[in-house]
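S.K.: Just the structure for this:
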Amino acid sequence: MALKKYFGTDGIRGRVGNHPITPDFILKLGWAVGRVLGTRGSGENKILVGKDTRVSGYMFESALEAGLSSAGVNVHLLGPLPTPAIAYLTRKLNARAGIVISASHNMFQDNGIKFFSYDGTKLSDEVELEIETELGEIQKVVEPHLLGKASRVVSASDDYIKFCKQTVIAKYSFRDLKVVVDCAHGAGYLVGPNLLSDLGCNVVSIGNEPNGFNINDGFGSTNPDALRRTVLMEGADIGIALDGDGDRVIMVDESGAVVDGDDIIFVIAHFRQKLGRLRGSVVGTTMSNLGLEEAILGIGLGFERSGVGDRCVLEKLREGGWSLGGEPSGHIICHDLTTTGDGLVSSLQVLQAMVDSGLSLSELRKPVKKIPQVLLNVPVSSEFSLAKFPKIHSELNRISGTLGKSGRVLLRASGTEPVVRIMVEGPDKQDITSLADDLASLVEATKG
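M.R.: Residues are numbered from 1 along each chain as shown. Reported below is the predicted structural model:
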């Protein structure tokens, strides 16, 4: 298969104003997507466009609208909504594709474009290559009578909230729960608090005042300190932190401890196992803590690992016909309920587990005994390739031999930003910290 020039692990992403995240490129991207996806599926001749709260979203929304229209596709604008909402609405509204303007957990200076096919799933590599091939062609506008029209979907937020409510079993009431929700000043700033309030929670909202520039800034799933402080100050039962586009969730328990994706996956798996609503094995990734694997196996379930990224998790779930998987970062897919990671749907599963058991989140997560793990991000050039540096391979082999069966080491280039991610896991925190630092220093040296 040919190498992709623009698409990374989750669409196209980069610094606003730097190619390809420029208005002219995004306009042509809209045209190319219209040409490729505008004829897919049995849906109506329309493509949905949603976004998060970045100031550049206005610019790119207009560029996409023009590009899609020039390809003869009608555009339905959803406004700021979580990424999983666009996936759901693409199916519900019988569209041919859904587009999300977002750079997820990145700061406002970045933006990106993510895509869903007509069935609400991420695009295949083959379709992404088709779009890239079309980008190499001269843009030709359809005849005037064939131009696409644009309209706004005013019911989009209400439709998504209604869907999320339907994932809650009717017998469970959340009226005794005090919940802090951190919306990262992002796409979930309205639907998150409104959904939880509608379900009866006593809701305290933070990170819900977006101004175009503060998305993920000191709030959200990558910055849980504000949530932790608020949970303790409010005496809340649980804290929920979404990321900028609402497809990830990290939590804080009643004691102020941070609860990551591994913990959340276990809580959901155990709850759904008790209900008889869990199909097959649970899927983690190569980054999932060994403690999660042991806890899942300890309750009689299978555990499988995929590559890093929600696309890899979803592929594994599809192959096995299984229903639950996710990442430590909080990308969690309840595959019998959704087609992609959904921070709010995952949160509702945890709230139900608390109500069903009568236990606190700290008690529900107790069986997960994590072993020490060090995670480092090392900035590199965008052209970094591990294959060019045999010394790094040698160091990886040395560390792996040192750890033996008691730990793991992983190094991979990020698919969303110019960094190399290092993970070292083992029984002694001091030892693995030293090993991770050595590896990071070697990666740093590649920059000359």
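
S.K.: wait, is I138 part of a strand?
M.R.: No. Counting by DSSP: H, G, I helix; E, B strand; the rest coil, I138 is located in no strand; its state is coil.

S.K.: burial count for it?
M.R.: I138 has 5 neighbouring residues, counting by other C-beta atoms under 10 Å. For every residue, glycine as well, the C-beta is placed using N, CA and C.

S.K.: can you offset everything so residue one is 35?
M.R.: Sure, I'll start counting at 35 from here, so that last one is I172.

S.K.: distance of it from K62?
M.R.: Taking C-beta to C-beta, to the nearest Å as the measure, I172 falls 10 Å from K62.

S.K.: which stretches of the stretch 335-482 of the chain form strands?
M.R.: Counting by DSSP state E, counting those that start in this stretch, the stretch 335-482 of the chain has strands at residues 337-340, 358-360, 366-368, 407-413, 442-447, 453-459.

S.K.: will you turn those strands into TSV that also has mean pLDDT and distance to E177?
M.R.: Listed next are the strands of the stretch 335-482 of the chain as TSV, based on pLDDT from 0 to 100; distance: least, C-beta to C-beta, whole Å:
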stretch	mean pLDDT	distance to E177
strand 337-340	96	46
strand 358-360	98	46
strand 366-368	98	42
strand 407-413	90	49
strand 442-447	88	45
strand 453-459	91	46
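
S.K.: Please name the bridge partners of D216.
M.R.: D216 forms beta bridges with I240, A275, as assigned by DSSP bridges.

S.K.: Work out for me the element H110 sits within.
M.R.: Using DSSP states H and E, H110 falls within strand 108-114.

S.K.: For the very next helix or strand once past that strand, give me every contacting residue.
M.R.: Downstream of strand 108-114, the next assigned helix or strand under DSSP H and E is helix 117-126. Defining contact as C-beta atoms under 8 Å, 6 or more residues apart in numbering, one finds that helix 117-126 is touched by 82, 84, 112, 115, 129, 131-134, 136, 138, 148, 150-155, 187, 190-191, 193-194, 197, 221, 225, 279-281, 372-379.

S.K.: again with stretch 178-196
M.R.: Stretch 178-196 is contacted by residues 68, 79, 82, 84, 99, 102-113, 115-116, 119, 122-123, 126-127, 175, 224-225, 228-229, 232 when judged by C-beta under 8 Å, 6+ apart.

S.K.: sorry, back to before: parallel or antiparallel, which strands does the strand holding H110 pair with?
M.R.: Under the criterion DSSP bridges, strand 108-114 sits next to strand 80-85 (parallel), strand 184-186 (parallel) in its sheet.

S.K.: and P244, which of those strands is closest to it?
M.R.: strand 80-85 (11.3 Å; C-beta to C-beta).

S.K.: relative orientation of that closest one and helix 117-126 in degrees?
M.R.: Orientation of strand 80-85 against helix 117-126 (axes from the mean of the first three to the mean of the last three C-alpha atoms, to 10 degrees) gives an angle of 170 degrees.

S.K.: Which stretches in the stretch 35-184 of the chain count as strands?
M.R.: Secondary structure of the stretch 35-184 of the chain, counting by DSSP E, counting those that start in this stretch: strands at 46-49, 80-85, 108-114, 131-135, 144-151, 184-186.

S.K.: Could I get those strands in a markdown table, plus columns for distance to P424?
M.R.: What follows is the strands of the stretch 35-184 of the chain, written out as a markdown table (distance: least, C-beta to C-beta, whole Å):
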| stretch | distance to P424 |
| --- | --- |
| strand 46-49 | 29 |
| strand 80-85 | 43 |
| strand 108-114 | 47 |
| strand 131-135 | 39 |
| strand 144-151 | 32 |
| strand 184-186 | 53 |
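
S.K.: Those: which one's closest to V389?
M.R.: Among those, strand 108-114 comes nearest to V389, with 29.9 Å by C-beta to C-beta.

S.K.: Quick check: closest non-adjacent residue to T374.
M.R.: A121 (4.7 Å; C-beta to C-beta, 6 or more residues apart in numbering).

S.K.: meant to ask about T43
M.R.: G449 (2.8 Å).

S.K.: got it, and V389?
M.R.: Among residues not flanking V389 along the chain, Y206 sits closest, at 4.8 Å (C-beta to C-beta, 6+ apart).

S.K.: tally of neighbours for D153?
M.R.: With other C-beta under 10 Å as criterion, D153 counts 13.

S.K.: Could you verify my assumption that it touches T374?
M.R.: No. The pair D153 and T374 does not pass the contact test of C-beta atoms under 8 Å, sitting 11.0 Å apart.

S.K.: Show me the helices in the stretch 135-284 of the chain, by range?
M.R.: Remark: helices assigned in the stretch 135-284 of the chain by DSSP state H, counting those that start in this stretch are 159-169, 190-199, 225-232, 259-268.

S.K.: so which of those comes closest to L348?
M.R.: L348 sits nearest to helix 159-169 of all the helices of the stretch 135-284 of the chain, at 13.4 Å, using C-beta to C-beta.

S.K.: chain center to that closest one: distance?
M.R.: Centroid displacement of helix 159-169 relative to its chain, using C-alpha atoms, centre = their mean, to the nearest Å, is 22 Å.

S.K.: ok, now which ones touch the spatially most central residue of the chain?
M.R.: In the chain, the centroid-proximal residue (C-alpha atoms, centre = their mean) is D281; its distance is 4.1 Å. With contact set as C-beta under 8 Å, 6+ apart, D281 has these partners: 116-118, 138, 344, 365, 374-377.

S.K.: what do you get for C217?
M.R.: Counting by C-beta under 8 Å, 6+ apart, C217 makes contact with 223, 226-227, 239-242, 253-254, 276.

S.K.: One more: E99?
M.R.: Contacts for E99 (C-beta under 8 Å, 6+ apart) come out as 64, 83, 109, 111, 184.

S.K.: which of these tops the neighbour count?
M.R.: In terms of neighbours by other C-beta under 10 Å, those top out with G64 at 30 neighbours.

S.K.: Name the nearest residue to that residue, sequence neighbours excluded.
M.R.: Nearest one to G64, counting by C-beta to C-beta, 6+ apart, is G101 at 2.3 Å.

S.K.: re the thing from before, tell me which of the helices of the stretch 135-284 of the chain is the most buried.
M.R.: Across the helices of the stretch 135-284 of the chain, averaging neighbours per residue (mean count of other C-beta atoms under 10 Å) puts helix 225-232 on top, at a mean of 21.

S.K.: what distance separates that helix from the centre of its chain?
M.R.: Centroid displacement of helix 225-232 relative to its chain, using C-alpha atoms, centre = their mean, is 20 Å.

S.K.: which outside residues touch that helix?
M.R.: 115-116, 119, 191, 194-195, 198-199, 208, 213, 215, 217, 237, 239, 242, 274, 276, 280, 378.

S.K.: try stretch 285-295
M.R.: Stretch 285-295 has contacts (C-beta under 8 Å, 6+ apart) with 214, 258, 261-262, 265-266, 270-275, 282-284, 297-298, 360-366, 381, 384, 394-396, 399.
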